[in-house]
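> please work out how this folds:
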Amino acid sequence: MKIGIDIGGTKCAVIAGDHNGIFRKSQFPTSDPARTLMHISQLIREFDVHADSIGICCGGPLDTQGGRILSPPNLIGWDDIPITDYLSNMFQIPAYLCNDADAGALAEHRYGIGKGIDNLIFLTFGTGMGAGMILNGKLYQGRCGMAGEIGHIRMQDYGPVGYGKSGSFEGFCSGGGIAQLGKTFALERLQMGKPLPYCQTLEDLDKLDAKLLAEQAQAGDKTAHEVFRLSAEMLGRGVSILIDILNPEMIILGSIYTRSYPLMEHYMEEVIKKEALFKSALFCTVIRSYLGEQIGDYAALAVAYGI
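Numbers count the residues shown, from 1 in each chain. Okay, the predicted model is just below:
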């Protein structure tokens, strides 16, 4: 039996499971490190299972080799927290720490649509855009654990900001980036005296997010649909780069794409046909994650098997 811990900015989940899947789960609001770690420890004891390792999934930056959480922007106060040592010492079993993109790739490889595939890439496409890579059957992290930061690639000289860079892949393909695109289009129309259904006033700009824009696009709003078309085309460019460089068998897209793929799939595929090497693209399946909203749970469990 394995213990998985998924630490997010708003909530934490503790999971018990094995190769068959999730056996038990409990979650609670994330707070400061001391209270959160105490709550995690209490839940592990309450589960009363014979676990032989612990996996921890968390947004970066992290020191994965040293097992330390290093001040993630969505975890205020979590500064240099030696979480693997803490849990290993408390429960006398190994503990492993992994960022959410790498953990997502491990989850898809062990539990998801990528089970049994030795060359796959998982793209988070959520709050941010990161890549987890399974190459030749093993997680690839690079020299200092920074491999897969594809969100930092600049797709255009100018554009929505993501990963500290205007026009980056994360700028175009993330929740925040999609919201930025929607706000830009809405502001243009407002200044021309032609408000959009999803944005009637300047005050409405602050309420725009990817979820609202997806709902509007699915309801037939042309401007919201244009936002997702542009994001999908940039997604196709980014995916094409990965196909050409790494020649994977499968690229799995998570989070926003999983929920909004009917708005994006066609445009993404058309760009891949134009941009990627034909033979490499022919042997690569680009598909949404089937683990869906449970990917964080399975990711934490997968990390418990070691990285």
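> quick one, strands of the stretch 1-150 of the chain?
2-7, 11-18, 21-29, 53-58, 62-63, 68-70, 79-81, 95-99, 120-123, 131-135, 138-140 (DSSP state E, counting those that start in this stretch).
> closest one to E270 among those strands?
Closest to E270 of the strands of the stretch 1-150 of the chain is strand 120-123 (C-beta to C-beta; 18.2 Å). Backbone N, C-alpha and C define where each C-beta goes, glycine included.
> chain center to that closest one, what's the gap?
Centroid separation for strand 120-123 versus its chain: 10 Å, with C-alpha atoms, centre = their mean, to the nearest Å.
> hmm, who's touching that strand?
By C-beta atoms under 8 Å, 6 or more residues apart in numbering, the list of residues contacting strand 120-123 from outside reads 101, 104-105, 107-109, 114, 129-134, 150, 238-239, 242, 246, 248-254, 257, 289.
> cross these against helices and list the overlap.
Among these, the ones falling in helices (DSSP state H) are A101, G104, A105, A107, E108, H109, G238, V239, L242, L246, Y257.
> list the contacts for the last one?
By that I understand Y257. Here Y257 is in contact with L123, F125, L235, M264, R288 (criterion: C-beta under 8 Å, 6+ apart).
> 7 Å instead?
F125, M264, R288 (C-beta atoms under 7 Å, 6 or more residues apart in numbering).
> the residue nearest the centre of the chain and I22: what is the separation?
Closest to where the C-alpha atoms of the chain average out (C-alpha atoms, centre = their mean) is T124, at 2.6 Å. Separation of T124 from I22 (C-beta to C-beta, to the nearest Å): 21 Å.
> do the same with G132
Taking C-beta to C-beta, one finds G132 at 20 Å from I22.
> got it, and K207?
Distance from K207 to I22, counting by C-beta to C-beta: 35 Å.
> look at those two and report which has more neighbours.
Remark: of K207 and I22, I22 carries more neighbours, 17 against 12, as counted by other C-beta atoms under 10 Å.
> circling back to that earlier point, and the strands of the stretch 1-150 of the chain, which is most packed in?
Burial of the strands of the stretch 1-150 of the chain is given as mean neighbour count (mean count of other C-beta atoms under 10 Å); strand 120-123 ranks first at a mean of 29.
> what lines up beside it in the sheet?
Strand 120-123 has the following strand partners under DSSP bridges: strand 131-135 (antiparallel), strand 250-253 (parallel).
> now those strands as a markdown table including mean pLDDT and distance to L97?
Formatted as a markdown table, these follow (pLDDT from 0 to 100; distance: least, C-beta to C-beta, whole Å):
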| stretch | mean pLDDT | distance to L97 |
| --- | --- | --- |
| strand 131-135 | 96 | 14 |
| strand 250-253 | 98 | 22 |
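> same list, these, but as JSON lines with distance to T84 please.
Converted to JSON lines, the strands paired with strand 120-123 look like this (distance: least, C-beta to C-beta, whole Å):
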{"stretch": "strand 131-135", "distance to T84": "19"}
{"stretch": "strand 250-253", "distance to T84": "27"}
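> quick one: the strands in the stretch 201-307 of the chain?
250-253, 285-288.
> helices or strands up against the last one?
When contacts are defined as 3 or more C-beta pairs under 7 Å, 6 or more residues apart in numbering; DSSP states H and E, strand 285-288 packs onto strand 250-253, helix 256-275.
> what's the closest of those to I76?
Closest among these, using C-beta to C-beta: helix 256-275, at 24.3 Å.
> which positions within that closest one qualify as buried?
For helix 256-275, burial by neighbour count (16 or more other C-beta atoms under 10 Å) applies to 256-260, 263-265, 267-268, 271-272, 275.
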